[in-house]
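my questions concern the predicted model and sequence given below.
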Amino acid sequence: MQIISNVYEDFVCRDLERYVKWHRRAIDYSPHQYEVCAELISEVVSQRDSKKKILNVCAGNGSLVSYLNQRFPEFEFVGTDTLLALIEDNSAAQVQSSNVKLIHAPIESLGSQSSQYDICVHWMRLLHFADWQGHISGMIKSTKPGGHILVSSLFNDHDADLLATVLDYNIPTCREGYCLQYNTFSCAQVEKFCYANGATKVKFYPYEIPFDIPRQESGVGSYTVKIADGKRETISGGLRMQWQILHIQL
């Protein structure tokens, strides 16, 4: 089996209908991590009466923005994605409102939006990109001094990045050679990079899903297992998903 590409955009463009179904479903049935994101924003926002501007990087069709807008209707939201097809999907029309914008923009353009946002969120998507430095650098440049960056992704406590190409034989696009990445990044390297680029505080919070997910699929499909201390770990295609929340304060 020859892998033609493991680039996120290539995979999504060739598997758009199946991939977009997840984003559409997430508008009506939000993942638990969306709730976690909202709670963290509540903690870092000291004045709810002041209008905050929030950027969601890799927002897809805006499903997370939609959830956050219900919790914080007084805020202004901008969602960006590298794929125009996700921004223009019909489901995105449910997200649009007077205080919400969805924009097609490459990661490299984030730096041009210098210090515009109070909070920048990158949620459950960074694992699909190898260049975590470019994403975090762009978010730091886009966030105001004193602002906050929240990232949900896969991080480990070793001084190593694990770059994994996932070939799910149940997905026709993968069998054609177009695959996803499930990358896990070094906490130590991420922390060092953030401080070198202006962060005043960097902290990681392990994330544990609070309910069981049965194993139902033969492909990558995620499920949970109980470990010795009673905690749940999420497994996808045999890969231990080391979900953590990264909080960067500027």
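Received it, and whenever you're ready, just let me know what you need.

tell me, please, the helix or strand in this structure that averages the lowest pLDDT.
In the chain, no helix or strand scores lower on mean pLDDT, DSSP states H and E than helix 16-28, which sits at a mean of 84.

residues contacting that one, please?
Helix 16-28 is contacted from outside by 11-12, 34, 60-64, 66, 85-86, 89, 91, 94-95, 171, 173, using C-beta atoms under 8 Å, 6 or more residues apart in numbering. (Each C-beta comes from the backbone N, C-alpha and C, glycine too.)

which ones among those are found in strands?
Among the contacts of helix 16-28, DSSP state E puts none in strands.

hmm, which of the residues you listed are the buried ones?
With neighbours counted by 16 or more other C-beta atoms under 10 Å, the contacts of helix 16-28 contain buried members at 11-12, 34, 60-64, 66, 85-86, 89, 91, 95, 171, 173.

which of the residues you listed sits closest to C194?
Proximity of the buried ones among the contacts of helix 16-28 to C194 (C-beta to C-beta) peaks at L64, which lies at 21.9 Å.

so what's that closest one up against?
The contact partners of L64, by C-beta under 8 Å, 6+ apart, come to A26, S30, Y34, C37, N56, G79, V121, W123.

any idea what the last one is bridged to?
For W123, the residues forming beta bridges with it (DSSP bridges) are S152.

what's the pLDDT at it?
Looking at W123, its pLDDT reads 97.

hang on, the earlier thing: including distance to Y178, could the contacts of L64 go into JSON lines?
Converted to JSON lines, the contacts of L64 look like this (distance: C-beta to C-beta, whole Å):
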{"residue": "A26", "distance to Y178": "22"}
{"residue": "S30", "distance to Y178": "28"}
{"residue": "Y34", "distance to Y178": "28"}
{"residue": "C37", "distance to Y178": "29"}
{"residue": "N56", "distance to Y178": "26"}
{"residue": "G79", "distance to Y178": "25"}
{"residue": "V121", "distance to Y178": "28"}
{"residue": "W123", "distance to Y178": "24"}
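
make a ChimeraX selection of the buried ones in these.
Listed next is the ChimeraX selection for buried residues among the contacts of L64, using 16+ other C-beta under 10 Å:
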select :26,30,34,37,56,79,121,123
